[in-house]
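A.B. asks: next input, structure requested:
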Amino acid sequence: MLKRRNDFQRVYRKGRSLANRYFVLYVFESEELSGRVGFAAGKKLGCAVKRNRVKRLLRESYRLHSPELRPGIALLLVGRQAMLDVKCPVVEKAFLSLGKKAGIFKKD
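C.D. replies: So this is what the prediction gives:
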């Protein structure tokens, strides 16, 4: 898990980003931060209840597909406003499509 501010900032600055309407995915190739993931939801999304729900949806989508991820990458998922009105399967589908574009999954 990414917890320190420095780690978040490094992934923001040096990682490449891909986005869809539900969230932004930052991918950072790093052996030091390998296998780490962070979840964020800004105050623009609303009160703490709404922000926590967005982070829960992101964590669940990540949890379901974490064994399929390739090693050597750190991820940061940042929720967007459209995520407040959707259920988990929609977010999971968005995570899979964005992950395939970013190339974060292992080759079969």
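A.B. asks: so, low pLDDT: which residues of this protein?
C.D. replies: 108 (pLDDT under 70).
A.B. asks: who does the most centrally placed residue in it form a beta bridge with?
C.D. replies: Against the mean C-alpha coordinate of the chain, by C-alpha atoms, centre = their mean, the closest residue is Leu77 at 2.2 Å. Note on Leu77: beta-bridge partners by DSSP bridges are Leu25, Phe39.
A.B. asks: that one and Lys107: what is the separation?
C.D. replies: Per C-beta to C-beta, to the nearest Å, Leu77 is found 22 Å from Lys107. Where you see a C-beta, it was placed from the backbone N, CA and C, and this is true even at glycine.
A.B. asks: and what of Tyr26?
C.D. replies: Taking C-beta to C-beta, one finds Tyr26 at 22 Å from Lys107.
A.B. asks: neighbour-wise, which of the two wins?
C.D. replies: Using other C-beta atoms under 10 Å as the criterion, Tyr26 and Lys107 rank with Tyr26 on top: 22 against 5.
A.B. asks: quick check: that one touching Arg13?
C.D. replies: No: counting by C-beta atoms under 8 Å, Tyr26 does not reach Arg13; the two are 9.5 Å apart.
A.B. asks: show me which residues of the longest helix belonging to the chain are buried.
C.D. replies: If you go by DSSP state H, the chain has its longest helix at helix 48-65. Across helix 48-65, burial judged by 16 or more other C-beta atoms under 10 Å covers 51, 53-55, 57-58, 61-62.
A.B. asks: and for Cys88, the neighbour number?
C.D. replies: Going by other C-beta under 10 Å, the residues that sit close to Cys88 add up to 12.
A.B. asks: what's the first-to-last distance across stretch 79-92?
C.D. replies: Start to finish, the residues bounding stretch 79-92 are 13 Å apart (C-alpha to C-alpha, to the nearest Å).
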